[in-house]
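**Q** For reference, the sequence and a predicted model appear below.
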Amino acid sequence: MLIIETSIAFDIIQLTHHINKGKTFLFIMQNNDKHLERKLTPLNVWSLAFGCVIGWSAFVMPGTIFLKNAGPMGTLIAIETASFVMLIISYNYSYMLKKFPMAGGEFIYAKHAFGNIHGFLCAWFLSLSYLSVIPLNATALNLIMRAVFGEAFEFGFHYVIAGYDVYFGEMLLAIGALVLFAVVSSFGIQFTGKVQTFMVMVLLGGIIIVLCGVAFSPSSSTMNLMPMFHPVMPNFSRSITAQVIAVLVTAPQSFVGFDTVPQLIEESNFPAERLKVVMDTSIICGGFVYIVLTMIACSVFPAVYTAWFTYIDSLPRLSGIEAIPTLNAAYTVMGRAGLFCIVASVIAAMLTGIVGFYTATSRVLYSMARDGMIPSWFRYLNKHGVPTHAGLFCLVIAGATSLLGRAVLGWVFDMASIGGSIGFAYTSISACKYSFTEKRADIMIFGILGFVFSVSFAVLLLVPIPGLNVSLSTESYILLIVWLVLGAVFFYRRNLKHVREQAKAAKEINAA
């Protein structure tokens, strides 16, 4: 019997036996006398998941992606289809989290189903997918300040990266937000959950108020939604099907966040069976918000434009509030009160994204360290049961990448969409594997469907298809290759060290 790691100063959390080639390997997952605390209510967990799904991008995507690529009806069809696909994938998550009720989620599922290499590969890309959203939301504060307050934060030294101006004042704003909510997250999961729930209420409250204002305003009209798809123009000749696919392919990045629920299972104070409802409602509510914001964006537009598509096509040449259709609609129908409500909602969405993904990323890293995949430094818990070392790592990486500007962060985020697809795919195929052993036909069907959908999203992003134009940019491809190489090097070095430690332990045991 080979004991991988043990210490009398540690509590045994989980004990698993594996028989392989006549040898019994005893894996002991350990932690010190501190542990993750079960203090999250269903509302807290839902707020953390929903706050990850609806971030800053939900308010800009209606202008930059949804309406630009598919129009109001194309967006409606794509988002509803994406929500349905996510509900299928959620079914697989609910099955797997009952089998493995521990932080780590997709990493744990892939590792137990297919081994360490697959577990590491899944976690490597999942961490990137989560982590990339944190600086993206933090630097989005700069965009909202530029739109509302102009050059107020454009002071101090500045530089240009990939055509984007980065100012010292804006860096302070973004990094200040990152530090603030890293500190908030360190006060314990109960406090974090309450803060997140409050911010989600602000987020939803602002959207509801603006929606009512637009619905009853004489400035808005259902006729403004026409045409329902982006009209075929010389510079936009895609079919209706292609328009829908162009929005549908954004599903992994639009809905990434509902899958943070399994990361919180060890900190939830309610039965795991209820987590499926939490995930499903975060998906449904997230899809509804995407649709509502899109309809708000195209139902009201500046009087100088004859239709929503002429306005949307002009966005790259606009600045200030007019450059963000959701903000423009709120200001047009409700004046400063509407602008205040929508800005409050946008800022709340940014902050919920920061808090939610801080929490999720740190739990993935903590789980990997607890399993020996990465250094044990990442599994340190403070007195509140929070993996603060993992959180500190997230803060440093997010802060450093914030200095690269929005253009570079956009490349990283686009590439990280692959990470979401990989997490969905591994969870689905893991569910399929276990359901085959248990003869669960329902899970097997949902597992196959979830895997096919997830791989399809990845293929559409990776493979240029004539007529669609939805694949990754060249810069994102390069970053993807770099991330793969870094992961391979890190895994090889860590695995080599782990093998040497095992050999040394075995030699000491044999000598004794």
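**A** Arrived safely, thanks for sending. Residues are numbered from 1 along each chain as shown.

**Q** Could you use CA atoms for every contact and neighbour count after this?
**A** Fine.

**Q** in what helix or strand does residue 145 lie?
**A** Element membership for residue 145, per DSSP states H and E: helix 116-149.

**Q** If we go by neighbour counts, what in that helix is buried?
**A** Within helix 116-149, the residues scored as buried using 16 or more other C-alpha atoms under 10 Å are 116-148.

**Q** Equivalent analysis for stretch 216-229, please.
**A** Neighbour-count burial for stretch 216-229 flags 219-220, 224-226, 228-229 (criterion: 16+ other C-alpha under 10 Å).

**Q** pLDDT weak spots in the chain?
**A** Within the chain, the segments meeting pLDDT under 70 span 1-33, 232-238, 467-469, 498-508, 511-512.

**Q** same thing but 80
**A** For the chain, the stretches flagged by pLDDT under 80 are 1-34, 232-238, 413-417, 465-471, 494-512.

**Q** Which strand or helix spans residue 252?
**A** In this structure, residue 252 sits in helix 251-255 according to DSSP H and E.

**Q** Could you give the separation of that helix from the chain centroid?
**A** Computed by C-alpha atoms, centre = their mean, to the nearest Å, the chain-centroid distance of helix 251-255 equals 8 Å.

**Q** Could you do stretch 84-91 as well?
**A** Computed by C-alpha atoms, centre = their mean, the chain-centroid distance of stretch 84-91 equals 16 Å.

**Q** residues making contact with that stretch?
**A** 255, 259, 276, 279-280, 283, 424, 428, 443, 446-447, 449-450, 453 (C-alpha atoms under 8 Å, 6 or more residues apart in numbering).

**Q** for the longest helix anywhere in the chain, the distance to its chain's centre please.
**A** With secondary structure taken from DSSP state H, the chain has its longest helix at helix 325-370. Taking C-alpha atoms, centre = their mean, the mean C-alpha location of helix 325-370 is offset from the chain mean by 12 Å.

**Q** Quick check: what element follows that helix along the chain?
**A** Next along from helix 325-370, by DSSP H and E: helix 388-402.

**Q** Please export the C-alpha coordinates of that following helix as PDB.
**A** Extracted as PDB, the C-alpha positions of helix 388-402 are listed here (Å, rounded to 0.1, in the frame of the first residue of the first chain):
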ATOM      1  CA  THR A 388      -7.400  33.500   0.900                       C
ATOM      2  CA  HIS A 389      -4.100  32.400  -0.800                       C
ATOM      3  CA  ALA A 390      -6.100  31.300  -3.800                       C
ATOM      4  CA  GLY A 391      -8.000  34.600  -3.700                       C
ATOM      5  CA  LEU A 392      -4.700  36.500  -3.400                       C
ATOM      6  CA  PHE A 393      -3.500  34.700  -6.500                       C
ATOM      7  CA  CYS A 394      -6.700  35.700  -8.400                       C
ATOM      8  CA  LEU A 395      -6.200  39.300  -7.300                       C
ATOM      9  CA  VAL A 396      -2.600  39.500  -8.500                       C
ATOM     10  CA  ILE A 397      -3.400  37.900 -11.900                       C
ATOM     11  CA  ALA A 398      -6.600  40.000 -12.400                       C
ATOM     12  CA  GLY A 399      -4.700  43.200 -11.300                       C
ATOM     13  CA  ALA A 400      -1.800  42.500 -13.700                       C
ATOM     14  CA  THR A 401      -4.000  41.700 -16.700                       C
ATOM     15  CA  SER A 402      -6.100  44.900 -16.000                       C
END
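
**Q** Next, the angle from that helix to helix 325-370.
**A** Interaxial angle, helix 388-402 versus helix 325-370 (axes from the mean of the first three to the mean of the last three C-alpha atoms, to 10 degrees): 140 degrees.

**Q** And helix 388-402, what does it pack against?
**A** The helices and strands touching helix 388-402, judged by 3 or more C-alpha pairs under 8 Å, 6 or more residues apart in numbering; DSSP states H and E, are helix 116-149, helix 168-186, helix 325-370.

**Q** looking at those helices, which is closest to residue 475?
**A** helix 116-149 (15.3 Å; C-alpha to C-alpha).
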